[in-house]
Structure formats: C-alpha cells, structure tokens
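1. Below are the sequence and a predicted model; questions follow.
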Amino acid sequence: MLKSLWKIVIAIGILVSPGVLQAEFRVSDMIYVPVVAHTTGANDSVWRSDVKITSMETEDLIDVALVLLPSGLHSNASALYDRTYIAGGREEDGFGIVDPVLADIQPGASVNLEDIVAKYWPDQTGLNGQAGLVVFSYLAGSLQADGSREFRNMMVTSRTYNLATIYTPDPDNEGAFLETTGTYGQTIPGVPWYDVADGGFQDETRDFTYVWIDGAQQNESYRFNLGLLNTSDSQTSLVLQVQPFQDDGQPFLGETGLPLATNLQLPPLAHLQYFQILGSTFGLSDVSNVKLKVSIISWSSTGVDPHPTFTAYGSLVDNTTNDATTYTPIFGQPFDIACMWSKSSTGAGAPTQVSWRPLKIPPR
C-alpha cells in the first residue's frame, strides 16, 4: 500500500523519508500550520497566533491563499467547497476575505499576519478557539476559476503565544512594582504537504504510518497538550491511535494489565487538540519523560484517489508562567538516503562516488 507516497515520489522526483524533511525541507507551494488560536486556556492563559509567510522565489511575485480548519471532531471539507471563507489577496479571484498584503509578495519578502484568527475569521473559530490552517502559494495573478494555479514556493512559520502580565521592581519606589505586558510563546513550523505520516507508506522494511511525540509531562510543574490534524484529501477519514510509553520504552499499563491507548476517528481535514492528555485521557499523574505514539490504524474514503495522511504536535506548558514548548513529530525510522541520492554519477566531470557522511570514525 504505497499508493499515496508514490504520488509524492513522482511529484518531487525523489524518494524521501518524512523524518528528515521534518528537520530540513520546509519549502512548498502548500503548507499546513498544525494549529492557530485565539482563545483562553488553563491558569488564566490567553493564547494568540501570528503567522509569517515568506516567498522563497528569486524572480517571480507570488500570491497566497489561506483556509481555516476549525477545531472539533467534524469534517472541514466544506471549507474548500467554495471561496467564501478563504482569505486571499485579490477581489477578482472571488475570495470571501480579501487582504491586499496576500497578493504580489516580492521575491524573498515576508508577510507577517498578527493574531491571524481574529484578523480573518473572528466568527469561525472551532472548539476552544483553535483551528488548523492551510496555506497555498502560486505565481501572482495565476489563479484560475477552476482552481488551477502555477505553483510557486514559500516558507510558513507560526508563533502561538500567551499574553502575560509581568511585574518588575519600580526603581523609583522601593518595594513597589511596575505592571507591564509581555508574551510567552512557542514556534510551530509549517508542515509541507509531502512531510506527513502516510497511511499508504508501509512495506517490509519501512513504516511511516506513525509518529512519535516526545517530551510529555503531567505534574505540578507542567501540563501537556497533543494536537492532531487530518491532512488527507477532503473525502478521507482516519482512525488514529494514541499510546503513551514510559521513559524505559515500555507502554503504560491499565488496570486490566493491557497497554493504555485511545482511538479516535478524525473526519476529513479535522483538527483536534487533547488538553492535558496524560491526565484527562489516560489517568496518569506525576509523570515525566513520556513519549506518545500516534498511528494510523485504518482509514476510509468516499473518493477514488485517497491520500490518508496526518500531522501532529505536542505542547508542553509551564503551569507557573504558561510558557510553552513545541514538540514536533518524529518518525521512527531514519532517512533513506540511498533512495534520494544515487551512489554514482555519470555526468561529465562528476565524481564516480558520493561521500555519504561528512564524518568518519577515526582509525586507531
């Protein structure tokens, strides 16, 4: 069942493992932001999200379009039925939300969108004021009525942060404090369409149908949230399993002696965040160094060309300051370098062998 991955191979001309892509390859013409927010949270936290879009082109101007995927266990396929709730830069393209800064972005230039949910979709937020986001980029003015476009590349990053009140000593009044505002935030990188867990990529030697999320804790000092985004096509639902593992690599066991796990059905393009997942879902308390394994265990589709994929993220939040740290998904197997670069080259003047690694174990 390599169907969906082989389409990626054809599209980019090389076979790559998503694991390394998570660390290096972030540029694309279609990028998911795993979560954006305009909401309040635990311990009086107040969360907002800024999104930065950077053109990676060297000559062409680009346009971008943004689609919000409100959080909750419901399908967001309707977000792509028409352009009513899509944000774009040109009124003539028929977008329901028009902002000229999203059009004619210069080569190498960036657009910074502060508090993006309130800016474009103040009445469209999902469960707990959260959502996923899809960003498309294309040659400026090339979007056609049928949705076709000339692909151009961008990079997308986001910052989700807590608005905080900070007290600092008043230098003019001993024992008094000045009240100022500040933020504690976390960077959540955009995920290209080719860098996701794939329900169709599993064979005798490789399995990229699951990811690990490290760094989970549930105790007096920290809480941990897990987010999931169905990055499949608009007709494909997923059944995902989330399973916690101890720091010795063994699964946590329930009262029956069986490993703790929870399954959920994620409708097309759905986003969901588990709040304090270790305690609320698994009944675990005072635990640290926990890993979460998130796996596709089945999928279904009403389409003829399904792409069953997802991405995930973890958020470790300090209970005192509400400062957050992002944990991005990790694939369980290494990058398959042998499939990406040929071991030999036939080009004129090219070396006959490629040096695979920059470092070697020294001789004794």
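-> The structure has been received and is ready for your questions. Keep in mind the model is a prediction, meaning the values are calculated, not measured. Numbering: from 1, shown residues only.
2. Could you use CA atoms for every contact and neighbour count after this?
-> Will do.
3. just for this protein, where's the confidence low?
-> For the chain, applying pLDDT under 70 flags the ranges 1-24, 335-364.
4. now the helices for it?
-> In the chain, the helices defined using DSSP state H lie at 3-12, 18-23, 116-120, 277-280, 337-340.
5. quick one: contacts for the nearest residue to residue 303 once chain neighbours are set aside?
-> Excluding its sequence neighbours, the residue lying closest to residue 303 (CA to CA, 6 or more residues apart in numbering) is residue 235, at 5.7 Å. Neighbouring residues of residue 235 by CA atoms under 8 Å, 6 or more residues apart in numbering: 77, 268, 301, 302, 303, 306.
6. what's the nearest residue to the first one once chain neighbours are set aside in contact with, if anything?
-> Using CA to CA, 6+ apart and skipping residues adjacent in sequence, the residue nearest residue 77 is residue 234, 5.0 Å away. Listed by CA under 8 Å, 6+ apart, the contact partners of residue 234 are 76, 77, 268, 269.
7. Now do the contacts for the spatially closest residue to the first one that is not a sequence neighbour.
-> If you skip the residues right next to it in sequence, residue 76 has residue 269 as its closest partner in space, 5.2 Å away by CA to CA, 6+ apart. When contacts are counted by CA under 8 Å, 6+ apart, residue 269 is found next to 69, 75, 76, 77, 229, 230, 231, 232, 233, 234.
8. Distance to residue 83 for these - can I get that in a markdown table?
-> Formatted as a markdown table, these follow (distance: CA to CA, whole Å):
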| residue | distance to residue 83 |
| --- | --- |
| 69 | 13 |
| 75 | 17 |
| 76 | 13 |
| 77 | 12 |
| 229 | 21 |
| 230 | 20 |
| 231 | 19 |
| 232 | 19 |
| 233 | 17 |
| 234 | 15 |
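9. with those in mind, which one is nearest to residue 102?
-> Nearest to residue 102, judged by CA to CA, of the contacts of residue 269 is residue 69 at 18.7 Å.
10. just checking, the closest one touches residue 135?
-> No. Proximity of residue 69 to residue 135 does not meet the contact threshold set by CA atoms under 8 Å, at 11.1 Å.
11. OK, contacts around the nearest residue to residue 210 once chain neighbours are set aside?
-> Nearest residue to residue 210 in three dimensions, chain neighbours excluded: residue 295, at 4.1 Å (CA to CA, 6+ apart). Residue 295 is in contact with 209, 210, 211, 240, 241, 242, counting by CA under 8 Å, 6+ apart.
12. Among the contacts of residue 269, name the ones in strands.
-> 69, 229, 230 (DSSP state E).
13. Return the member of the residues you listed nearest to residue 170.
-> Using CA to CA, the ones in strands among the contacts of residue 269 come closest to residue 170 at residue 69, 44.8 Å.
14. ok, now how distant is the closest residue to that closest one other than its chain neighbours from residue 26?
-> Of all residues not flanking residue 69 in the chain, residue 132 sits nearest, at 4.8 Å (CA to CA, 6+ apart). Separation of residue 132 from residue 26 (CA to CA, to the nearest Å): 17 Å.
15. Between these two, which is the more surrounded one?
-> Between residue 132 and residue 26, residue 132 has the larger neighbour count (other CA atoms under 10 Å), namely 26 against 20.
16. The more buried one touches residue 38, doesn't it?
-> No. Counting by CA under 8 Å, residue 132 does not reach residue 38; the two are 11.9 Å apart.
17. Could you give me the buried positions within stretch 198-208?
-> Neighbour-count burial for stretch 198-208 flags 198, 199, 200, 201, 207, 208 (criterion: 16 or more other CA atoms under 10 Å).
18. how much space between the third one and residue 171?
-> Right, residue 200. Here residue 200 is placed at a distance of 62 Å from residue 171 (CA to CA).
19. again with the fourth one
-> As for residue 201, its distance to residue 171 is 61 Å (criterion: CA to CA).
20. try the second one
-> Distance of residue 199 to residue 171, given as CA to CA: 60 Å.
21. Then the last one?
-> In this structure, residue 208 and residue 171 are separated by 57 Å, where distance is defined by CA to CA.
22. which residues does the residue nearest to residue 165 when sequence neighbours are not counted contact?
-> Nearest non-adjacent residue to residue 165, counting by CA to CA, 6+ apart: residue 181, 4.6 Å away. By CA under 8 Å, 6+ apart, the residues touching residue 181 are 163, 164, 165, 166.
23. So among these, which ones count as buried?
-> The buried subset of the contacts of residue 181 - by 16+ other CA under 10 Å - is 163, 164.
24. For burial, what's the neighbour tally of the nearest residue to residue 188 once chain neighbours are set aside?
-> Spatial nearest neighbour of residue 188, chain neighbours left out: residue 158 (5.2 Å); criterion: CA to CA, 6+ apart. Neighbour count of residue 158, defined by other CA under 10 Å: 23.
25. Is it correct that residue 158 is in contact with residue 37?
-> No. Counting by CA under 8 Å, residue 158 stays clear of residue 37, with 10.6 Å between them.
26. Show me the common contact partners of these two, please.
-> Contacts common to residue 158 and residue 37, judged by CA under 8 Å, 6+ apart, are residue 49.
27. thinking again about what came up before, tell me which of the contacts of residue 181 fall in strands.
-> Per DSSP E, those map to strands at 163, 164, 165, 166.
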